[in-house]
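1. My questions concern the predicted model and sequence given below.
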Amino acid sequence: MSIADAPSTAPALEFKADPPAGSDHILSEEALAFVADLGLRFGPRIWTLLEARQARQARFDRGAAPDFLPETRAIREQDWTIAEIPPVLQDRRVEITGPVDRKMIINGLNSGARVFMADFEDASSPTWSNMIHGQINIHDAVRRQIDFEDERGKAYRLREDSAELIVRVRGLHLPEKHLYLDGAPLPGALLDFGLHCFHNAHELLKRGSGPWFYIPKLEHWQEAALWSEIFAWAESRLGLARGTIKATVLIETLPAVFQMDEILHAMREHIVGLNCGRWDYIFSYIKVFHAHPDRVLPDREQVGMTVPFLRAYSKLLIDTCHRRGALAMGGMAAQIPVKDDSQANEAAFEKVRADKEREAGDGHDGTWVAHPGLIPVALGIFDQALGDRPNQLHYRDPALSVDRETLLAHPEGSISEQGLRGNIDVGLEYTAAWLAGRGCVPIRNLMEDAATAEIARSQLWQWIHHPGGVLDDGRQITPELFSSHLEESLEGLLKVAEKKGLETGHCEDAARLFRQLSESPEFADFLTLHAYDVIA
Ligand SMILES: CC(=O)SCCNC(=O)CCNC(=O)[C@H](O)C(C)(C)COP(=O)(O)OP(=O)(O)OC[C@H]1O[C@@H](n2cnc3c(N)ncnc32)[C@H](O)[C@@H]1OP(=O)(O)O
Ligand SMILES: O=CC(=O)O
Ligand SMILES: [Mg+2]
């Protein structure tokens with residue numbers, strides 16, 4: 001059955017805002033019918049899975065901690081592998097990621113990285129305009145019709161040998177408030193997946209590529225199983241062969257690290273690998289244990305990939321993937337080139353080099369960079385580690401032994417005034433940018449995205465709410481201390497905004513959100529959910 005002939009059983013989607021200009025072909029009747037069908041079939045299942053997250057968190061709040069599941073022991077112990085990885089996805093030694101604006105997409109695809117991940121998630125603020133223009137841009141990129149000229153007159157066009165495109169969709173928790181179905185907002189993930197798949201799957205396949213996705217923030221293998229069902233349904237509805245759609249799943253929540261075999265198994269027809277989403281993983285550690293007074297984390301700077309719980313996570317991910325024939329992707333180092341300070345620039349590159357050397361040496365099949373300037377460093381390291389192979393799928397560490405205790409090990413360290421102020425300053429500046437529609441920004445020479453703000457505000461919550469929130473000079477982090485730093489920080493941010501002629505309302509809103517989320521007795525699940533209420 002052709003797409004146009006397929007009957008839609010879903011009620012029509014209700015627009016809560018006008019479709020952005022120039023989006024008629026993206027929000028076409030057929031595409032909307034496909035998305036509405038997705039919403040009707042899978043929306044209620046998503047709500048149920050989100051409720052299950054709440055129930056699990058309530059158990060963690062009563063003192064429990066994540067563990068391997070007894071009921072899925074057989075899946076962990078039996079021998080099985082995922083389906084074959086398509087040839088174009090076998091070599092992913094360096095991937096660049098970025099938001100979905102036109103210039104970023106062209107630059108990312110032209111960057112020399114193997115993959116460009118177009119990010120509807122952590123690097124994008126999900127304004128209606130960003131999300132729909134992102135789809136327009138991806139549609140054009142797939143058809144290689146994405147030429148454009150910026151305000152300086154610089155022309156952009158795709159190179160012949162552009163990178164493979166992977167689209168990261170929003171997490172299951174984020175609604176798309178501009179589209180309602182049956183009285184409830186459509187899950188944003190279904191809109192992102194649905195539009196890309198509907199418009200581009202056949203076109204990509206015709207061009208030797210395919211509908212490839214990154215799936216973020218899963219907390220349970222049943223969520224992975226649902227994605228596989230969504231893919232299978234879309235394949236059948238769009239006339240694609242079963243197993244055409246391929247996903248890489250980010251392991252970036254603490255519960256998910258205990259279910260990596262189960263996630264691979266549940267998606268074995270549709271998965272090609274796992275990725276170490278280290279930043280959200282740190283956020284998840286704080287969230288899962290937010291009610292445990294003995295789990296207060298030290299300064300963010302002290303929680304790097306070499307601390308035991310993070311090192312164990314990445315090593316177990318590599319081993320699990322390679323046992324199952326799946327790619328084990330590394331994560332993002334936050335450093336970016338420093339333009340006006342060669343010493344700081346060299347130090348930033350050194351940090352990225354060390355990070356990528358560790359990843360390649362541990363057996364990762366590829367890694368992420370945030371900026372094109374870092375591709376040569378990462379490529380050099382992975383080229384050397386891979387030799388003439390496309391990946392390190394053959395590699396297993398015979399001495400590896402990772403247990404639950406290490407996966408949960410609490411990192412030792414201290415909390416400094418600089419760390420406290422850093423979380424407030426960076427969190428506030430980032431959140432103000434997000435509210436203004438920019439989901440990824442350079443702050444103090446680091447790439448910052450939504451995960452930064454989540455770590456910052458959840459650390460602040462922990463430090464304010466637990467007796468362990470004590471500075472290295474002996475001062476307790478009280479609501480009053482937090483509040484005085486927040487005021488100072490806001491004052492500074494407002495001055496900068498005024499000087500640049502930027503809207504100051506976003507700074508005020510960001511401060512209000514930070515105050516509300518950090519001081520509230522309840523720990524909020526996601527800052528971005530609260531911030532989403534404020535954006536257009
Ligand atoms: C935890 C996670 O989820 S990680 C995944 C999410 N994070 C990301 O995707 C990071 C994306 N990175 C970025 O957005 C940017 O690198 C930033 C915001 C950090 C810095 O951007 P800028 O300030 O524009 O950097 P800079 O001025 O040095 O850029 C130089 C050029 O590189 C381009 N560039 C920078 N980063 C990227 C990127 N990630 N992809 C493609 N092109 C890029 C810029 O567009 C610019 O192009 P131009 O010369 O044609 O104007
Ligand atoms: O999405 C990536 C992460 O580190 O978080
Ligand atoms: Mg993430």
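-> Received the coordinates, thanks. Numbers count the residues shown, from 1 in each chain. Ligands and ions are numbered 1, 2, ... in the order given.

2. Show me which residues of this protein are close to ligand 1?
-> Contact residues (Cβ under 6 Å from any ligand atom) of the chain with ligand 1: 96-99, 103-104, 107-108, 111, 119, 122-123, 279, 332, 336-337, 370-372, 440-442, 447, 449, 451. For every residue, glycine as well, the C-beta is placed using N, CA and C.

3. In strands, which of those residues fall?
-> Among the residues of the chain next to ligand 1, the members falling in strands (DSSP state E) are 96-98, 119, 332, 441-442, 447.

4. how close does the residue nearest to D319 when sequence neighbours are not counted sit to ligand 3?
-> In space, not counting the residues next to it along the chain, D319 is nearest to L400; the distance is 5.3 Å by Cβ to Cβ, 6 or more residues apart in numbering. Going from L400 to ligand 3 by Cβ to the ion, to the nearest Å gives 25 Å.

5. do K495 as well
-> Going from K495 to ligand 3 by Cβ to the ion gives 31 Å.

6. Any idea how many residues pack against that residue?
-> Residues lying near K495 (other Cβ atoms under 10 Å) number 12.

7. Now stretch 134-141: buried residues?
-> 134-141 (16 or more other Cβ atoms under 10 Å).

8. Confirm E176 sits in a helix?
-> No: counting by DSSP: H, G, I helix; E, B strand; the rest coil, E176 falls outside a helix, being strand.

9. Phi, psi for the closest residue to it other than its chain neighbours please.
-> Counting by Cβ to Cβ, 6+ apart, G188 is the residue found nearest to E176 once chain neighbours are left out, at 4.3 Å. Main-chain dihedrals, G188, degrees, to the nearest 10: phi -60, psi -40.

10. Tell me if I'm right that G188 and L174 touch.
-> Yes: counting by Cβ atoms under 8 Å, L174 is a contact partner of G188 at 4.3 Å.

11. what's the first-to-last distance across stretch 367-378?
-> The first residue of stretch 367-378 is 8 Å away from its last residue (Cα to Cα, to the nearest Å).

12. How about that stretch, which residues are buried there?
-> Within stretch 367-378, the residues scored as buried using 16+ other Cβ under 10 Å are 367-375, 377-378.

13. any chance of those residues in CSV, with pLDDT too?
-> Shown next, in CSV, are the buried residues of stretch 367-378 (pLDDT from 0 to 100):
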residue, pLDDT
T367, 98
W368, 98
V369, 98
A370, 98
H371, 98
P372, 98
G373, 98
L374, 98
I375, 98
V377, 98
A378, 98
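
14. circling back: which members of the buried residues of stretch 134-141 are positioned in helices?
-> Among these, DSSP state H puts 134-141 in helices.

15. Filtering those residues by proximity to ligand 2, which remain?
-> Near ligand 2, judged by Cβ under 6 Å from any ligand atom, there are no entries from these.

16. Which single one of the residues you listed is nearest to Q78?
-> I138 (38.3 Å; Cβ to Cβ).

17. so who does that closest one touch?
-> 100, 105, 118, 165, 167, 196, 200 (Cβ atoms under 8 Å, 6 or more residues apart in numbering).

18. re earlier: reformat the ones in helices among the buried residues of stretch 134-141 as JSON lines; add pLDDT.
-> JSON lines is the format used below for those (pLDDT from 0 to 100):
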{"residue": "G134", "pLDDT": "98"}
{"residue": "Q135", "pLDDT": "98"}
{"residue": "I136", "pLDDT": "98"}
{"residue": "N137", "pLDDT": "98"}
{"residue": "I138", "pLDDT": "98"}
{"residue": "H139", "pLDDT": "98"}
{"residue": "D140", "pLDDT": "98"}
{"residue": "A141", "pLDDT": "98"}
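
19. out of the residues you listed, which one sits closest to G413?
-> G134 (38.2 Å).

20. For the closest one, which non-adjacent residue is closest in space?
-> G134 sits nearest to V100 (Cβ to Cβ, 6+ apart), 3.1 Å away.

21. My guess is that neighbour contacts H139. True?
-> No: using Cβ under 8 Å, V100 makes no contact with H139, being 11.0 Å away.

22. Ignoring the adjacent residues along the chain, who's closest to L181?
-> G39 (4.3 Å).

23. now swap in F283 and tell me
-> E454 (4.3 Å).

24. try G243
-> E269 (4.4 Å).

25. Would you mind giving the secondary structure of that neighbour?
-> coil.

26. got a list of what it touches?
-> Contacts of E269 by Cβ under 8 Å, 6+ apart are 82-83, 228, 231-232, 242-243.

27. can you rerun that using 7 Å?
-> 83, 228, 242-243 (Cβ atoms under 7 Å, 6 or more residues apart in numbering).

28. Nearest to R295, out of the residues you listed: which one, please.
-> Of the contacts of E269, the one sitting nearest to R295 (Cβ to Cβ) turns out to be S228, at 33.0 Å.

29. Tell me the pLDDT of the closest one.
-> With respect to pLDDT, S228 scores 98.

30. If I follow the layout properly, it ends up in contact with L264?
-> No: applying Cβ atoms under 7 Å, one finds S228 not in contact with L264, separated by 10.7 Å.

31. Show me which positions of stretch 324-337 end up buried.
-> Buried-residue list, stretch 324-337, by 16+ other Cβ under 10 Å: 324-337.

32. Can you sort out which of those also neighbour ligand 2?
-> Answer for the buried residues of stretch 324-337 near ligand 2 (Cβ under 6 Å from any ligand atom): 331-332.

33. Is any residue of stretch 324-334 near ligand 3?
-> No: against ligand 3, stretch 324-334 shows no contacts by Cβ under 5 Å from the ion, the least distance being 8.4 Å.

34. one step back: and which of the buried residues of stretch 134-141 is nearest E357?
-> When the buried residues of stretch 134-141 are compared against E357 (criterion: Cβ to Cβ), the nearest one is A141, at 32.2 Å.

35. which residues does the closest one contact?
-> With contact set as Cβ under 7 Å, 6+ apart, A141 has these partners: 105, 109, 165.

36. Which of these lies at the shortest distance from P87?
-> Nearest to P87, judged by Cβ to Cβ, of the contacts of A141 is L165 at 15.6 Å.

37. State whether that closest one is indeed within a helix.
-> No: counting by three-state DSSP, L165 is located in no helix; its state is strand.

38. how far away is it from N137?
-> 11 Å (Cβ to Cβ, to the nearest Å).

39. Y214 now?
-> 17 Å.

40. I'd like to know how many residues surround the closest residue to V470 other than its chain neighbours.
-> In space, and not counting its chain neighbours, V470 is closest to Q476: 5.5 Å by Cβ to Cβ, 6+ apart. By other Cβ under 10 Å, 13 other residues sit near Q476.

41. Q476 contacts H465, correct?
-> No: shown here, Q476 and H465 do not form a contact pair, counting by Cβ under 7 Å, at 11.5 Å.

42. Spell out which residues make up each domain of this protein.
-> Per the record, the chain has its domains at 14-404, 414-532, by automatic domain parsing.

43. Note down every partner strand of the helix or strand of the chain with the lowest mean pLDDT and its orientation.
-> Within the chain, no helix or strand scores below strand 148-149, which has a mean of 92 by mean pLDDT, DSSP states H and E. If you go by DSSP bridges, strand 148-149 pairs up with strand 155-156 (antiparallel).

44. out of the contacts of A141, which is most surrounded?
-> Highest neighbour count within the contacts of A141, by other Cβ under 10 Å: I105, with 25 neighbours.

45. didn't it look like it was pressed against M117?
-> No: I105 is not in contact with M117 according to Cβ under 7 Å; the separation is 10.6 Å.

46. Spit out the contact partners of the residue of the stretch 1-150 of the chain found nearest ligand 2.
-> Residue nearest to ligand 2 within the stretch 1-150 of the chain (Cβ to the nearest ligand atom): D122, separated by 5.1 Å. Residues near D122 by Cβ under 7 Å, 6+ apart: 439, 449-451.
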